[in-house]
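A.B. asks: Any chance you could fold what I've pasted below:
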Amino acid sequence: MKRLLLAAAAVVALAAPAADVSAWGATGHRLVGMAAMRALPDELPAFLRDPAAAAEVGELSREPDRSKGAGQPHDRERDTAHFVDMTESGRVMTEQGLSIDDLPRLKSEYDAALLAAGIKVDDAGYLPFALMDAHQQLVLDLAYWRILNAAEARETDLAKRAWYREDRIRREGLILRTIGELSHYVGDGSQPHHVTIHYNGWSSSVPNPEGFTTSRRTHGMFEGDFVRDHVRFQEVEAAMPAPRLDGFELRPRIAGYLRTTLGEVTPFYRLEKAGGFAEGDARGVSFATARLAAGAAELRDLITIAWRLSATSEIGWPKVKVADVEAGTADPWTSMVGGD
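C.D. replies: Numbers count the residues shown, from 1 in each chain. Here you go, the predicted model:
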């Protein structure tokens, strides 16, 4: 009951005029995570559709930012997961960089291609790979949950059933953490400044024919204080586009999502130049709301797709298929506990 009350309070807090919280910023990431969780379809497990889970993911969505400052190599390796700097044509850093549509299978191959093009890996960012990694982890987590849930319901040995129950509960906590991580990077991917070389004012490395701002405060102003002060939770929920769940392929889906956000970079700068982010201007509020809603919708869909993919997965060692355990034709005990 206490968790449900806290969850309800969190939703109310995001819906009401915002207090002074450190900022997309904290507010934006909470909005994306909570709106996505509240929109999950009924086919997903009940523990994910609980209001407490929405509040938990809202907080866990901030964790990749909160983990900064641990030292090296931790920070350098993780901080570059939050962005990918692209040119207007969708190439990483320069026109000699990789196209977002042609991402290699491994991040090491991505790093090698950047270095071959004379591009520093740390400058470029690797957001698409952070997104793919988190989504694949979620599929695996949900596959474990399916097996634990099915085995717990069918097991007649009381000691084994108790272990399955305890491990299912552990897995539910891990699933929420994984969703929180995925939520953060999906949220980053919906923020135009996280996908462009113009990440904090128009870059001096390319022409600026429309005279866009070069202010180094541009990024923080938009994703932090502006969102905190003007965007409302109910409006983000109302603006979420319809689900897109068919024909899923991971790399093209991630590339398309980031390219769509890239298409909002120039509109952002035009709107900023026109004064759209001044106090009380509805144009800026509408723009920010739409971007957060796009992130929430993408997260909702990626969670749903992960759930569906988990049904055809296999886990453990020896490998055991989720479908076989759910059908009652395989005993997962050794695969789950470990046969050493």
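A.B. asks: Let me see the ranges of the helices in the stretch 101-250 of the chain.
C.D. replies: Counting by DSSP state H, counting those that start in this stretch, the stretch 101-250 of the chain has helices at residues 107-116, 121-124, 127-154, 158-190, 218-220, 227-230, 233-239, 250-262.
A.B. asks: Which of those helices sits closest to residue 90?
C.D. replies: Evaluated with CB to CB, the helices of the stretch 101-250 of the chain place helix 250-262 nearest to residue 90, the distance being 5.5 Å. Every residue, glycine included, has its C-beta placed from N, CA and C.
A.B. asks: That closest one packs against which elements?
C.D. replies: Here helix 250-262 touches helix 127-154, helix 158-190, helix 282-310, going by 3 or more CB pairs under 8 Å, 6 or more residues apart in numbering; DSSP states H and E.
A.B. asks: Turn these into CSV, columns for distance to residue 74 and mean neighbour count.
C.D. replies: What follows is the helices and strands packed on helix 250-262, written out as CSV (distance: least, CB to CB, whole Å; neighbours: other CB atoms under 10 Å):
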stretch, distance to residue 74, mean neighbour count
helix 127-154, 15, 21
helix 158-190, 15, 20
helix 282-310, 25, 22
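A.B. asks: any chance of the ones you listed in JSON lines, plus distance to residue 251?
C.D. replies: As requested, the helices and strands packed on helix 250-262 are arranged in JSON lines below (distance: least, CB to CB, whole Å):
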{"stretch": "helix 127-154", "distance to residue 251": "7"}
{"stretch": "helix 158-190", "distance to residue 251": "14"}
{"stretch": "helix 282-310", "distance to residue 251": "13"}
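A.B. asks: Looks like residue 63 contacts residue 178 (just checking).
C.D. replies: No - under the criterion of CB atoms under 8 Å, residue 63 is not in contact with residue 178, lying 10.8 Å apart.
A.B. asks: Return the set of buried residues in stretch 103-120.
C.D. replies: For stretch 103-120, a neighbour-count test (16 or more other CB atoms under 10 Å) marks 103, 107, 110-111, 113-114, 117, 119 as buried.
A.B. asks: Widest-spaced pair of these?
C.D. replies: 107 and 117 (15.6 Å).
A.B. asks: dump the residue contacts of residue 261.
C.D. replies: Going by CB atoms under 8 Å, 6 or more residues apart in numbering, residue 261 touches 189-192, 194-195, 291, 294.
A.B. asks: quick one: it and residue 329, what's the gap?
C.D. replies: Residue 261 sits 44 Å away from residue 329, going by CB to CB, to the nearest Å.
A.B. asks: And residue 241, by the same measure?
C.D. replies: Distance from residue 241 to residue 329, by CB to CB: 40 Å.
A.B. asks: likewise residue 111?
C.D. replies: Distance from residue 111 to residue 329, by CB to CB: 43 Å.
A.B. asks: Tell me the confidence at residue 165?
C.D. replies: In this model, residue 165 is scored at 98, pLDDT.
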